[in-house]
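Student: A structural model of the following input is requested.
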Amino acid sequence: MNILILGATGRVGQKIVENALSDGHQVHALVRSPAQLEIKNEHLSIFQGNVVNEKDIRRAIDGCDMVISALSTDGGTALSDSIHHIITTMKEKGIKRIVAIGTARILQSRGEPDKLRYETSESRRSLTRAAKEHFNVYEALQSSGLDWTIVCPTYLPDGEAMGHYRVEKDFLPEGGKKNQCR
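Tutor: Here you go, the predicted structure:
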């Protein structure tokens, strides 16, 4: 499979690139600074550009079957601005599948079911800018007509994968403990 990976120079994005390559996929990575992606592999094509530039997305996505976004928030609106370019380009190219890394703060609150976790004390953070950016991506994908998944971890630790994880739709799974699942 040919996969476009966005956010490939970040901690999580680099792990996704490594895993995709080890699974035998052809990877395209759109990055602002190619020198920051230290992975070298004959199945990795690096495209210099910016996700807020639709032309750069078009160039990098050409020939891909799906998109994985490990984009983080930049203190501005790059995350929510780029998702519209990504969706438009995917539709034009006939690409239907996208997986994005989000945040558990955009999941439904168990204590206040009519609110999201970032809107309650459940998230234990006072700043909500990043969560709002990720929620904008969720709303855009929800109305896109694409086959999409947003993975919403509370934290992604370094280390070896343990091979199991918990899943629940729309809510943070109950009963989690530190280092129980990776």
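
Student: alpha carbons only for contacts and neighbour counts from here, please
Tutor: OK.

Student: would you mind pulling the contact partners of stretch 42-55?
Tutor: The set of residues external to stretch 42-55 that reach it, using C-alpha atoms under 8 Å, 6 or more residues apart in numbering, is 6, 21, 25-34, 56-57, 59-60, 78, 81-82, 85-86, 89.

Student: next one: it to chain centre, how far?
Tutor: 16 Å (C-alpha atoms, centre = their mean, to the nearest Å).

Student: where do the strands sit along this structure?
Tutor: Remark: strands assigned in the chain by DSSP state E are 2-6, 26-31, 44-48, 66-69, 97-101, 147-151.

Student: turn the ones you listed into TSV, columns for mean neighbour count.
Tutor: Shown next, in TSV, are the strands of the chain (neighbours: other C-alpha atoms under 10 Å):
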stretch	mean neighbour count
strand 2-6	26
strand 26-31	24
strand 44-48	18
strand 66-69	22
strand 97-101	19
strand 147-151	16
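
Student: now render these as JSON lines, adding distance to A161 and mean pLDDT.
Tutor: Putting the strands of the chain into JSON lines (distance: least, C-alpha to C-alpha, whole Å; pLDDT from 0 to 100) gives the following:
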{"stretch": "strand 2-6", "distance to A161": "20", "mean pLDDT": "98"}
{"stretch": "strand 26-31", "distance to A161": "21", "mean pLDDT": "98"}
{"stretch": "strand 44-48", "distance to A161": "22", "mean pLDDT": "97"}
{"stretch": "strand 66-69", "distance to A161": "19", "mean pLDDT": "98"}
{"stretch": "strand 97-101", "distance to A161": "17", "mean pLDDT": "96"}
{"stretch": "strand 147-151", "distance to A161": "16", "mean pLDDT": "94"}
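
Student: relative to E112, which of those strands is closest?
Tutor: E112 lies closest, by C-alpha to C-alpha, to one member of the strands of the chain: strand 147-151, at 21.5 Å.

Student: elements contacting that closest one?
Tutor: Packing partners of strand 147-151 (3 or more C-alpha pairs under 8 Å, 6 or more residues apart in numbering; DSSP states H and E): strand 97-101, helix 129-142.

Student: now the ones you listed in TSV, with distance to R11?
Tutor: Shown next, in TSV, are the helices and strands packed on strand 147-151 (distance: least, C-alpha to C-alpha, whole Å):
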stretch	distance to R11
strand 97-101	12
helix 129-142	17
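
Student: out of the ones you listed, which is closest to Y165?
Tutor: strand 97-101 (15.1 Å).

Student: partner strands of that closest one and their direction?
Tutor: strand 66-69 (parallel), strand 147-151 (parallel) (DSSP bridges).

Student: do you know which of those strands lies nearest H164?
Tutor: Between these, strand 147-151 lies closest to H164; by C-alpha to C-alpha that is 14.5 Å.
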